[in-house]
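Asker: My questions concern the predicted model and sequence given below.
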Amino acid sequence: MMAIFTKACVVPLLLLTAVAANAAEKPNIVFILADDLGWSDVAFNGGKVHKHFYEAPNLDELAAAGMVFSRAYAGGPNCLPMRACLLSGMYTPRTQIWTPGGRSKGPIKNMKLLVPRQADKQGDVFPSKLELDPAVVSIAEVLNDSGYATGRFGKWHVGADHQGFDVSDYNGKGATSGKYYGNIDVHEWLTDASCRFIETHQDEPFFLYLSHWDVHTPIRARQNVTAKYKAKLEADQWDRKWNPTYAAMIEAIDISVGRVRRKLEELGLAENTLVIFSSDNGGTPITTMKPLRGAKGALYEGGIRVPTCMAWPKVIKPGSSCNTPITSVDFMPTFADLASAQLPTQQPVDGVSIAPLLRSEAIAERAIFWHFPLYLTGSGEGRVVPIFGSTDGYWRGVPASAMCRGDWKLIHFFEDDSIRLYNLADDVGELHNLAETKPDVAQRLLSELKTWQVATKAVIPQQQNPLFGTAAGGKPTALGKLK
């Protein structure tokens, strides 16, 4: 009996020791998200294609310390759907979240298809939601169940429910709601709060989601920093007229990244902390996306390819790079993998764990997808899609789905059921449509895309807008006669 009693006591002690050791191995996760920062705005991308005006030494250091993901994608072409994808692990057709405001933006007469529209408040054509359902299990709830403290600071955008975060703060000063676009101090407040969160939870695994309001419009920054870039602009010959205030906003984000990393180092947490930096969608015409085509709101690369780098000294090789496509829905399964957490069973999880990529190992090739059933007006580099029946660029986004598999990218436009096929390895600017010269590839990808549309119950507008091509008085214009 004595031996049995001793064994019964020792086994639980061993189990407790193993559990404690496993908990100690769980990495801290810091996810820093910029708003509207373009793929080419960072030197580790844009510095390779143009003389780089913006200064972000802390981002450069982060990239050098870890891995640059040259083909990281937002789950949607603008801020709201991407954030819903990130938090839920689900593609946009499942969340039915398409854009802030929920409706198309632009003149009704230029929209060939009937969709939810802002001007006439028509919102019952198909669902277009503004909030993530509180019943959705979030990335925070997945990590909470694995013993993580979770805190998010900054822009939220997905509804009143805080989706399980232990701490949820809009401005770094405890605000439970509000918008802080154009606030020249909010980046500092959010960083202060994030550093306090790290200090408070340094003895347990934590997930910090620092979601900046910058560099979203209005374009505002501290005057002394803006003045520095004005002087820089005037002191040299540049390939374009860069915006000094926008440059100062990028610097504000950069300083935040540096402060968070220094806090991790100060507390001895850097070695086992995964730090991720990314953006929620492509840039706006205040900057340039070149060599990419399009801008925020487009399913072309300039609207969905985002600057992304990750550092984790314990795992990621410094100075490494990865060209494997990844997307927003991958972060939930990745974090669950790293945290030994269980993924939700009551909702689909569309992404895959990219943890092997962090170890410079491969993951199985798979397709990734986008869906956007609305219209968005464009300007500057964002005017990439013509009004149906014309040839000049007008829209930045029109009803369409897209997918990529390996180097191939396919866009399916719903207005005329047409497709565009690009080989991104040879044509990152998406200038050469190969749908006719590579019909086998095009049809194979289109078949896969349509299967995905059915599986996710993606809404595809098909009814023609009765006001398309009409003037204000309802009379047909020349545009209305075009097919």
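Answerer: Cool, got the structure.

Asker: The nearest residue to residue 320 once chain neighbours are set aside - how many residues pack around it?
Answerer: Counting by Cβ to Cβ, 6 or more residues apart in numbering, residue 320 lies nearest to residue 67, which is 4.5 Å off, once chain neighbours are set aside. The C-beta positions use only the backbone N, C-alpha and C, and glycine is treated the same way. Counted with other Cβ atoms under 10 Å, the neighbours of residue 67 add up to 23.

Asker: show me what contacts residue 161?
Answerer: Applying Cβ atoms under 8 Å, 6 or more residues apart in numbering to residue 161 gives the contacts 131-132, 134.

Asker: for the stretch 1-150 of the chain, what spans make up the helices?
Answerer: 2-25, 43-46, 57-65, 79-88, 92-95, 139-144 (DSSP state H, counting those that start in this stretch).

Asker: Could you export stretch 441-456 as CSV, CA atoms only?
Answerer: Extracted C-alpha coordinates of stretch 441-456, given in CSV (Å, rounded to 0.1, in the frame of the first residue of the first chain):
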residue,chain,number,x,y,z
VAL,A,441,-4.7,27.6,-65.6
ALA,A,442,-7.4,30.2,-65.7
GLN,A,443,-10.2,27.7,-65.8
ARG,A,444,-8.7,25.5,-63.1
LEU,A,445,-8.4,28.5,-60.7
LEU,A,446,-11.8,29.8,-61.6
SER,A,447,-13.3,26.4,-60.8
GLU,A,448,-11.6,26.4,-57.4
LEU,A,449,-12.7,30.0,-56.7
LYS,A,450,-16.3,29.1,-57.6
THR,A,451,-16.2,26.1,-55.3
TRP,A,452,-15.0,28.4,-52.5
GLN,A,453,-17.8,30.9,-53.2
VAL,A,454,-20.4,28.2,-52.8
ALA,A,455,-18.7,26.7,-49.7
THR,A,456,-18.6,30.1,-47.9
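
Asker: Excluding its own residues, what touches that stretch? List them.
Answerer: Residues contacting stretch 441-456 (Cβ under 8 Å, 6+ apart): 91, 93-94, 367, 369, 371, 401-403, 405, 408, 410, 412, 419, 421, 434-435, 458, 460.

Asker: I'd say residue 467 and residue 108 touch.
Answerer: Yes. Assessed by Cβ atoms under 8 Å, residue 467 is found in contact with residue 108 at 5.0 Å.

Asker: So for stretch 295-302, first residue to last residue, what's the gap.
Answerer: Start and end residues of stretch 295-302 are separated by 5 Å (Cα to Cα, to the nearest Å).

Asker: Report the distance from stretch 314-333 to the chain centre.
Answerer: Distance of stretch 314-333 from its chain centroid, counting by Cα atoms, centre = their mean, to the nearest Å, is 14 Å.

Asker: Report the rounded mean pLDDT for it.
Answerer: When pLDDT is averaged along stretch 314-333, the result is 97.

Asker: likewise stretch 76-89?
Answerer: 97.

Asker: let's number from 5 now, not from 1
Answerer: With 5 as the first residue, the last one maps to stretch 80-93.

Asker: before we move on, the earlier item: ok, of the helices of the stretch 5-154 of the chain, where does mean pLDDT dip lowest?
Answerer: helix 6-29 (a mean of 37).

Asker: coming back round to it: could you dump the contacts of residue 165 to TSV with neighbour count, distance to residue 329 and pLDDT?
Answerer: Putting the contacts of residue 165 into TSV (neighbours: other Cβ atoms under 10 Å; distance: Cβ to Cβ, whole Å; pLDDT from 0 to 100) gives the following:
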residue	neighbour count	distance to residue 329	pLDDT
135	16	28	95
136	23	24	96
138	12	31	95
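
Asker: Quick check: of the residues you listed, which lies closest to residue 334?
Answerer: For residue 334, the closest of those turns out to be residue 136, at 17.7 Å, with distances computed as Cβ to Cβ.

Asker: quick one on the thing from earlier: how about the contacts made by the residue nearest to residue 324?
Answerer: 313-315, 320-321, 324-326, 361-362, 364.

Asker: please redo it, this time with the cut-off set to 7 Å
Answerer: 313-314, 320, 324-326, 362 (Cβ atoms under 7 Å, 6 or more residues apart in numbering).

Asker: who wins for most neighbours among these?
Answerer: residue 313 (29 neighbours).

Asker: Pretty sure residue 72 is one of the things that one touches, is it not?
Answerer: Yes. When contacts are counted by Cβ atoms under 7 Å, residue 313 is listed as touching residue 72 (4.9 Å).
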